[in-house]
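1. this one's structure only:
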């Protein structure tokens, strides 16, 4: 009996140890499964993020390439050839396959070339060869539409003074003897607009001379967006009757940036 009890205790003890091992192995397997699952989940999420980023980058690159293609698309420029008489009267202009001839009908006046901005327009002035009169009527020919019109800014050109073309021939720096020549204007030949850039105070003038052919303006473009001009003393009034031999004294040479 004693031996039997001892054997029974040994068997029970063995069963208890076996149960513990099963529990330990089960927990160990569960822990191992969790360890394997978590990296796979992270990897999948990482792959998803990577794919999303790659798709976003691909879309961005596609958009950038599309924008570059749009920006890089060349704009067609009208090619033309001008024919004129020895007196510079424009007789015809060939624009591609089209030839324009009757400019008195097209523009309202016989014309001569005043400026060639090279951006789809030709600027004409009224035909007045050898005249001492100032340019007072300007016309714009659109090379694409083939239409010609008198520019509204022509009304700004009614007096003697300085009309200086910008290097790209799209603008005029304008200073006239009107009102003691105290205003410097910017005239846009393409937009057909004008604006006052400078108004000088009393005692200053842009005209160092004394009217008409004796005017003296020192006005020039340094580049397409920079104007240099001289400011003179304004001491002589009613100079048509009292014009001295010497021009007025230079007070200052100034530089102005324009848009």
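-> Structure's in. What do you need? These figures come from a predicted structure and were not determined experimentally.
2. Phi and psi next, for residue 200.
-> For residue 200, the backbone dihedrals are phi -80, psi 150 (criterion: degrees, to the nearest 10).
3. what about it, how many residues close to it?
-> Residue 200 has 19 neighbours, counted by other C-beta atoms under 10 Å. Glycine gets a C-beta too; all of them are placed from N, C-alpha and C.
4. again, but for residue 137
-> Residues within reach of residue 137, counting by other C-beta under 10 Å, total 20.
5. Repeat that for residue 224.
-> As a burial measure, the neighbour count of residue 224 was computed by other C-beta under 10 Å and equals 12.
6. confidence score at it?
-> Looking at residue 224, its pLDDT is 97.
7. Can you classify the closest residue to it other than its chain neighbours as helix, strand or coil?
-> If the residues on either side of it in the chain are set aside, residue 224 comes closest to residue 168, at 4.9 Å by C-beta to C-beta, 6 or more residues apart in numbering. Secondary structure of residue 168, reduced to three states by DSSP: H, G, I helix; E, B strand; the rest coil: coil.
8. Let me see the backbone angles for residue 168.
-> According to degrees, to the nearest 10, the main-chain angles of residue 168 amount to phi -90, psi 0.
9. doesn't residue 161 make contact with residue 136?
-> No - applying C-beta atoms under 8 Å, one finds residue 136 not in contact with residue 161, separated by 11.2 Å.
10. which of the two has more neighbours?
-> Here residue 136 and residue 161 are compared on neighbour count by other C-beta under 10 Å; more neighbours surround residue 161, at 21 against 15.
11. right, and residue 142 touches residue 121 too?
-> Yes - Residue 142 is in contact with residue 121 according to C-beta under 8 Å; the separation is 6.1 Å.
12. How about the contacts made by the residue nearest to residue 224?
-> Residue 168 makes contact with 117, 118, 224, according to C-beta atoms under 8 Å, 6 or more residues apart in numbering.
13. Please report the distance of the first one from residue 171.
-> Here residue 117 is placed at a distance of 9 Å from residue 171 (C-beta to C-beta, to the nearest Å).
14. same check, this time on the last one
-> For residue 224, the distance to residue 171 (C-beta to C-beta) stands at 8 Å.
15. Might you list the low-confidence residue ranges for the protein?
-> 1-77, 238-241 (pLDDT under 70).
16. Now with 80, please.
-> 1-78, 237-243 (pLDDT under 80).
17. how about the helices in it?
-> Listed in chain order, the helices found in the chain under DSSP state H are 2-72, 103-107, 178-181, 239-242.
18. Who has more neighbours out of residue 142 and residue 121?
-> Set side by side, residue 142 and residue 121 give different neighbour counts by other C-beta under 10 Å, the larger being at residue 121 (18 against 13).
19. And for the closest residue to the more buried one other than its chain neighbours, the neighbour number?
-> Spatial nearest neighbour of residue 121, excluding adjacent residues (C-beta to C-beta, 6+ apart): residue 140 at 5.6 Å. Applying other C-beta under 10 Å, we find 21 residues neighbouring residue 140.
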